[in-house]
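1. coordinates only, sequence not included:
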């Protein structure tokens, strides 16, 4: 069991991935940043997905910046842990896709 969270573009191609073991509390941080607690099922995600608008993903990045106290333009080199790095990369990849396509789908497995 664990949290396998995928970002998908409109063609349903994987553009982002984050993996957390079932006991890793950092999974909750990604759910929180995405305002997606309804997809949290304890030891894993619910197996459902949702479409996130560009504005929602931008809000997640602003939350990341505030939580980790990074500058306005965070980068992978700012990351101090593996989980911080995968959360950053996940949101950054979703944001890049949302800029192009105006939204991104996120699957919570």
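-> Great, that's in hand. Worth saying up front: this structure is predicted, and the values here are computed from it rather than measured.

2. Angles on the backbone of residue 48, please.
-> Backbone dihedrals for residue 48, given as degrees, to the nearest 10, come out at phi -120, psi 170.

3. Can you give me the pLDDT of it?
-> We have a pLDDT of 98 for residue 48.

4. what sits against it?
-> For residue 48, the contacting residues are 39, 107, 108, by CB atoms under 8 Å, 6 or more residues apart in numbering. Every C-beta, even on glycine, is put in place using the N, C-alpha and C of the backbone.

5. For the residue lying closest to residue 19 once chain neighbours are set aside, which three-state class applies?
-> Excluding its sequence neighbours, the residue lying closest to residue 19 (CB to CB, 6 or more residues apart in numbering) is residue 4, at 5.6 Å. Per DSSP: H, G, I helix; E, B strand; the rest coil, the secondary structure class of residue 4 is strand.

6. Alright, I will stop here.
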